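In: structural data only, the sequence is not supplied:
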C-alpha cells in the first residue's frame, strides 16, 4: 500500500516535470525538467522493483541513472558551446603552424 502510494506520488511529480519541460520558459528550465523526469523515472523503477519483489530491476534503474546523467551533461555542453567536441586540428592547445 505504501509503495503504491509512493509510485502514484512519483507519477504526479513526473507529470509536473513534463509540464515544466513543455512550458519552459528558458532552455535551462526545460533541461532541468527533463533531468528531473529522468531522476523520477529511476525512482519509479526502484519502487516497481519493491512492489514486484524483483531486485534485478535495480540494475536497470542504475543503468538508466548513468545514461540520464551522461545525456544531460552532453546536452548542456552542446547548448553551451554549440558542439560536443572538436574535429581535426581544432584541438585546444594547438597553435597555427604546428
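Out: Good, I have the coordinates. Because the structure is a prediction, the values reported are computed rather than measured.
In: please count neighbours and contacts with C-alpha atoms only from this point.
Out: Fine.
In: measure residue 29 to residue 20 for me?
Out: 7 Å (CA to CA, to the nearest Å).
In: now swap in residue 38 and tell me
Out: For residue 38, the distance to residue 20 - CA to CA - is 13 Å.
In: of the two, who's got more company?
Out: residue 38 (20 against 17; other CA atoms under 10 Å).
In: pull the contacting residues for that one.
Out: By CA atoms under 8 Å, 6 or more residues apart in numbering, the contact set of residue 38 is 65, 68.
In: could you check the pLDDT of it?
Out: We note a pLDDT of 95 for residue 38 in this prediction.
In: what's the answer for residue 63, then?
Out: Per-residue confidence (pLDDT) for residue 63: 95.
In: next one: residue 78
Out: The model's pLDDT for residue 78 equals 89.
In: count of residues packed around the nearest residue to it once chain neighbours are set aside?
Out: Spatial nearest neighbour of residue 78, excluding adjacent residues (CA to CA, 6 or more residues apart in numbering): residue 84 at 5.5 Å. Residue neighbour count, defined by other CA under 10 Å, stands at 13 for residue 84.
In: and the closest residue to residue 77 other than its chain neighbours, how far is that from residue 67?
Out: Leaving aside its chain neighbours, residue 77 sits nearest to residue 84 (6.4 Å; criterion: CA to CA, 6+ apart). As for residue 84, its distance to residue 67 is 16 Å (criterion: CA to CA).
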